[in-house]
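[1] with the sequence up front, the predicted model follows.
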Amino acid sequence: MLLREGLTRLLTDRGHEVVAGVGDAEALIKAIRALADEGALPDVVVADVRMPPTHTDEGVRAAIRLRQDHPGLGVLVLSQYVEEQYATELLAGSSRGIGYLLKDRVAEVREFVDAVVRVASGGTALDPEVVAQLLGRSRKQDVLAGLTPREREVLVLMAEGRTNGAIARQLVVSDGAVEKHVSNIFLKLGLSPSDGDHRRVLAVLTYLNS
């Protein structure tokens, strides 16, 4: 309850409207269903992986169900630890508006609010530790064998939700160099220009689901 109230205050203080705050997964699903019936589906849901009554996986199961029932709904899941199975299930088949952050990230207020806004706008927000753990598994696969070490670095930062400009600053290279790496990644993963702006998210999901 304290976390929920804190996040509500944090977001409203920064000009965002919080339309509901609930304490368990069943109430979450009912609240979203009611809002959808009223034609007022929110831009994003922030849910804990573990919710009452058992505090195991009710939250993430509700998030997965909401993604299935409302494909346009952004979902940002918070977790105390990296739980690979839950992260993978949440990401599977998703192409827009998805996030998985560790709760420690909430302490970085600007980063957290940016992540909420990014997911609400259809982007991705994956915690660096989540990405690192999933990539450990991905390296065993051959689907990404064609990427250079630098292209993998760029893709990791893309998975965290960073823009090309932010990636350039992180790697201390030019924006043009990043654009070239991103283009090469799309090419090597078989993502054509016809996929439009979703190519960036599709590239990340290809990587994490490989």
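    All right, it came through fine.
[2] how far away is D24 from M1?
    D24 sits 11 Å away from M1, taking CB to CB, to the nearest Å as the criterion. Where you see a C-beta, it was placed from the backbone N, CA and C, and this is true even at glycine.
[3] have a look at those two and say which one is more surrounded.
    Taking neighbours as other CB atoms under 10 Å, D24 and M1 compare with D24 leading, 16 against 7.
[4] picking that back up, overlap in contacts, D24 and M1.
    Common neighbours of D24 and M1, counting by CB atoms under 8 Å, 6 or more residues apart in numbering, are absent.
[5] what's the neighbour count on V106?
    Applying other CB under 10 Å, we find 18 residues neighbouring V106.
[6] what's the helix or strand for G72?
    Using DSSP states H and E, G72 falls within no helix or strand.
[7] is it in contact with V44, as I believe?
    No: counting by CB atoms under 8 Å, G72 sits too far from V44 to count as a contact (10.6 Å).
[8] give the residues shared as contacts by those two.
    Joint contacts of G72 and V44 (CB under 8 Å, 6+ apart) are G97.
[9] okay, the two: which has more neighbours?
    A direct count of neighbours by other CB under 10 Å for G72 and V44 places V44 higher, at 20 against 11.
[10] how much space separates that one from A120?
    4 Å.
[11] for these two, list the residues in contact with both.
    Jointly contacting V44 and A120 under the rule CB under 8 Å, 6+ apart are 74, 97.
[12] what's the pLDDT at the spatially closest residue to F112 that is not a sequence neighbour?
    Excluding its sequence neighbours, the residue lying closest to F112 (CB to CB, 6 or more residues apart in numbering) is V106, at 5.0 Å. On pLDDT, V106 comes in at 77.
[13] what residues are up against V106?
    With CB under 8 Å, 6+ apart, V106 has these contacts: 3, 7, 78, 112.
[14] which one of the residues you listed sits closest to A34?
    L7 (20.7 Å; CB to CB).
[15] that closest one: what secondary structure?
    Classification of L7 by DSSP: H, G, I helix; E, B strand; the rest coil places it in helix.
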